[in-house]
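Trainee: this one's sequence-less:
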Ligand code: PEP
Ligand code: MG
């Protein structure tokens, strides 16, 4: 079998010389293909570049007809070259013309060549082009040759990324790397942000791809891997699993990969072809990323993600940089782009310069998403490979309302989004003007509009929005963004600050709602088959009362001499509420014994979010001082749809008779018993839904700060009596309607209610 002439190392050395020559981009490419062809004893070497219209254009060739350069193009998926680009996998064929994808381009004169080896030109998992060698005779290229060609492709990837080839581009045939891209993810925080990419963990720029001394590179790699293993072992042994937000499980996976012989062999092979240690890591990582983007099995994707993360760490070790993110000096209009980010890291950035956040990982309930919402930063999550597409400084638009990210947008798109952002700002300004208006409907029904909060950064919103109070303070957020369990003094300090900030307005604190999707990284919890139905919230509080008692103590101390409302999440039976109330009584007695001033008024309430409580609704009304409906969970459990699963989360409309009847029963039971009922789930913050809630009897709603304006604008123009006349009979109607939404929308349109 023929081997590469002089081997891959000689080729790389020669390539380095060519890269340094002061010649034009085309001349450099022409030299490179000649070099590769001769080194690999191939009659043909061709280089195709992916354009933004997704066609591959022949940029240089040795062996094929030179007139075809910049003339021959192929769609992605068309022909062998198109197939390689699409699959991001090498293709090694002794008899190319018999391959079903072979497509003949007469202008190239390639019909005489039988064997074919093509590799994708990859960077951060993105295909930038395709590199091909061909021979007349039938031959299967050796594994070493495939490896060598892939290594060479890296050099070409850098050339494309450097922008050098832009000079060869004809108008309208832009190179793919720099093209505008629209990426879809999940909406995390509403709003539109325009700005420039700031990578949270800047990509390691590898200055030197080609090694002077391969042996030394091998030693550098071994040392870095050894270091990496020790650091992972240390993290695991220290048991400090909250460090950097890492979970033990992830660290265990890292440990497994760091010792994986297959991964280590691929790294060594890449060094064997003449790359520096860091370039070898990037080579293997890029292949892995390409695989990851095409993998549909969620478990395998997750593992490929872990491996990618590990490669990142190794790269940082090799170039001697720390992994820590948040830079202090942000440019104006910064849009943060990250693979993943913890809430504390986001809080480290200068809020006044941040216009948006884009994450590869992280859904709507992730802690960083909660913080982004609290800060009012438009954010999109689960955006595949955005750190691969985005370069620092690229123009970028984040639309947190629909979950879209536009990278390097065309000027007309940018203008349209600027207009959208301006409109939003104008609308916000109009909402601010409503701040002082009493929230009363046209027919004189007063409605209390409250805020959902959970962090210090939420507090200024109370004043800004003119909210009546805080209807839901999610105390678990402090726990979720902390690196270790907050102490009683830390909890006390937060609760005191909250009470001081809101003045006379009422605040309802909810006791810890952890478990389910709300995981505390520093608290070990057993794996559960169905965490949403598992050991969570008040269940933990009652079974292991230490944590709940400590929290109640902090809350009661903070409220000395003031009014306070405390409610319990996920209560399923009256008995659970009574037991929780007994724990409060015990803490009150304890504080009294120690001479603490008691709250002036303490009200204890229940969140109605587990359907079983609907069947004990009068009994719970007789026991509790107030109710607060958690419509997010109530909907999830009533319809049996996982609120986090996009495949089913939107399956049933909230404005359908089953849910509306359930919600109405709760409101009516509260009214019968003479106790206040609030609704604090997401439904409260959407004008159409809020309108419907008013119609079925709710007079107190609690919502995110951005929703107060739109909901208030709605109710100020609403004649509630007329809406009730129209809607209430429909809710009880036996015609089996799927949703009543269209009736509410029609009413709003007919009566000029802004929704
Ligand atoms: C709810 O379930 O509606 C609710 C307000 O609580 P959370 O969203 O925090 O579960
Ligand atoms: Mg809930």
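Mentor: In hand now; what should we look at? Keep in mind that this is a model prediction, so the values were computed, not measured. Residues are numbered from 1 along each chain as shown. Ligands and ions are numbered 1, 2, ... in the order given.
Trainee: name the residue of the stretch 101-250 of the chain that lies nearest to ligand 2.
Mentor: With Cβ to the ion as the measure, residue 188 is the residue of the stretch 101-250 of the chain nearest to ligand 2, at 18.3 Å. All C-beta atoms are positioned from the backbone trio N, CA, C, and that covers glycine.
Trainee: give the next helix or strand downstream of the helix or strand that residue falls within.
Mentor: Per DSSP states H and E, residue 188 falls inside strand 186-189. The C-terminal neighbour of strand 186-189 among helices and strands, as given by DSSP H and E, is strand 192-199.
Trainee: buried stuff in that following strand?
Mentor: Residues 192-199 are the ones in strand 192-199 that count as buried (16 or more other Cβ atoms under 10 Å).
Trainee: for stretch 485-502, same thing?
Mentor: 486, 491-492, 494-496, 498-499, 501-502.
Trainee: now it: how far from the chain's centre is it?
Mentor: 29 Å (Cα atoms, centre = their mean, to the nearest Å).
Trainee: quick one, phi psi at residue 129?
Mentor: phi 180, psi -170 (degrees, to the nearest 10).
Trainee: equivalent analysis for residue 627, please.
Mentor: When read as degrees, to the nearest 10, the backbone of residue 627 gives phi -120, psi 150.
Trainee: ligand 1 versus that one, what's the distance?
Mentor: Going from residue 627 to ligand 1 by Cβ to the nearest ligand atom, to the nearest Å gives 13 Å.
Trainee: for that residue, grab the count of nearby residues.
Mentor: 24 (other Cβ atoms under 10 Å).
Trainee: that one contacts residue 616, doesn't it?
Mentor: No - if you go by Cβ atoms under 8 Å, residue 627 and residue 616 don't touch, sitting 12.0 Å apart.
Trainee: from the contact counts, what lies against the least confident helix or strand in the chain by mean pLDDT?
Mentor: Scoring the helices and strands of the chain by mean pLDDT, DSSP states H and E places helix 248-258 at the bottom, with a mean of 77. Secondary-structure packing of helix 248-258 (3 or more Cβ pairs under 8 Å, 6 or more residues apart in numbering; DSSP states H and E): helix 214-238, helix 298-318.
Trainee: and the first one, how far out from the chain middle?
Mentor: If I follow you right, that is helix 214-238. Distance of helix 214-238 from the chain centroid (Cα atoms, centre = their mean) equals 30 Å.
Trainee: state the distance from the spatially most central residue of the chain to ligand 2.
Mentor: Centroid-nearest residue in the chain: residue 381, 2.3 Å away (criterion: Cα atoms, centre = their mean). Counting by Cβ to the ion, to the nearest Å, the gap from residue 381 to ligand 2 is 20 Å.
Trainee: residues contacting that residue?
Mentor: Going by Cβ atoms under 8 Å, 6 or more residues apart in numbering, residue 381 touches 185-186, 188, 358-359, 361-364, 366, 369, 403.
Trainee: mean confidence for stretch 443-456?
Mentor: Averaging pLDDT along stretch 443-456 yields 95.
Trainee: for the residue nearest to residue 686 when sequence neighbours are not counted, give me its contacts.
Mentor: Distances taken as Cβ to Cβ, 6 or more residues apart in numbering place residue 707 nearest to residue 686, at 7.2 Å, with adjacent residues excluded. Neighbour list for residue 707: 684-686 [criterion: Cβ under 8 Å, 6+ apart].
Trainee: you'd agree residue 707 is in a strand?
Mentor: No - counting by DSSP: H, G, I helix; E, B strand; the rest coil, residue 707 is not found in a strand; it is helix.
Trainee: which of the buried residues of strand 192-199 lies closest to residue 54?
Mentor: residue 197 (22.7 Å; Cβ to Cβ).
Trainee: returning to that earlier point: name the residues that touch the least confident helix or strand of the chain?
Mentor: By Cβ under 8 Å, 6+ apart, helix 248-258 touches 225, 228-229, 232-233, 235-236, 241, 263, 303, 306-307, 309-310, 313, 524.
Trainee: list the buried residues in it.
Mentor: 250-251, 253-255, 257-258.
Trainee: nearest to residue 411, of the residues you listed?
Mentor: Nearest to residue 411 among the buried residues of helix 248-258: residue 250, at 42.0 Å, using Cβ to Cβ.
Trainee: doesn't residue 702 fall inside a strand?
Mentor: Yes - applying three-state DSSP, one finds residue 702 inside a strand.
Trainee: beta partners for it?
Mentor: residue 450 (DSSP bridges).
Trainee: separation between it and residue 658?
Mentor: Distance from residue 702 to residue 658, counting by Cβ to Cβ, to the nearest Å: 23 Å.
Trainee: make a markdown table out of the buried residues of strand 192-199 and add distance to residue 680 and pLDDT.
Mentor: Formatted as a markdown table, those follow (distance: Cβ to Cβ, whole Å; pLDDT from 0 to 100):
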| residue | distance to residue 680 | pLDDT |
| --- | --- | --- |
| 192 | 27 | 94 |
| 193 | 27 | 95 |
| 194 | 33 | 96 |
| 195 | 33 | 96 |
| 196 | 37 | 96 |
| 197 | 36 | 95 |
| 198 | 35 | 94 |
| 199 | 37 | 91 |
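Trainee: determine which two of those residues are furthest apart.
Mentor: 192 and 199 (21.0 Å).
Trainee: just the buried subset of the contacts of residue 381, written out for ChimeraX, thanks.
Mentor: Here is the ChimeraX selection string for the buried members of these, based on 16+ other Cβ under 10 Å:
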select :185,186,188,358,359,361,362,364,366,369,403
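Trainee: adding distance to residue 417, write the contacts of residue 381 out as CSV.
Mentor: Listed next are these as CSV, based on distance: Cβ to Cβ, whole Å:
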residue, distance to residue 417
185, 16
186, 19
188, 18
358, 14
359, 20
361, 25
362, 23
363, 24
364, 22
366, 25
369, 21
403, 14
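Trainee: closest to ligand 1 out of the contacts of residue 381?
Mentor: Looking at these and their distance to ligand 1, the nearest is residue 364, at 10.4 Å (Cβ to the nearest ligand atom).
Trainee: wait, a helix at the closest one?
Mentor: No - per three-state DSSP, residue 364 lies outside any helix segment and is coil.
Trainee: so it makes contact with residue 372?
Mentor: No - in this structure residue 364 lies outside contact range of residue 372 using Cβ under 8 Å: 10.1 Å.
Trainee: on the three-state scheme, residue 77 is what?
Mentor: coil.
Trainee: now it. Nearest residue, chain neighbours left out?
Mentor: Here the residue nearest residue 77, using Cβ to Cβ, 6+ apart, is residue 86, at 4.7 Å.
Trainee: kindly report the same for residue 28.
Mentor: Per Cβ to Cβ, 6+ apart, closest to residue 28 is residue 18, 6.1 Å.
Trainee: let me see the contact set for the one you found.
Mentor: 28, 31-32, 35.
Trainee: neighbour-wise, give me the winner out of those.
Mentor: Busiest of these [other Cβ under 10 Å] is residue 32, holding 24 neighbours.
Trainee: wait, what's in contact with it?
Mentor: The contact partners of residue 32, by Cβ under 8 Å, 6+ apart, come to 15, 18, 47, 60, 155-156.
Trainee: from those, which land in helices?
Mentor: 15, 18, 155-156 (DSSP state H).
Trainee: residue 164: which of those residues is nearest?
Mentor: Nearest to residue 164 among the ones in helices among the contacts of residue 32: residue 156, at 10.6 Å, using Cβ to Cβ.
Trainee: so the closest one touches residue 131, yeah?
Mentor: Yes - using Cβ under 8 Å, residue 156 is in contact with residue 131, at 6.2 Å.
Trainee: thank you, goodbye.
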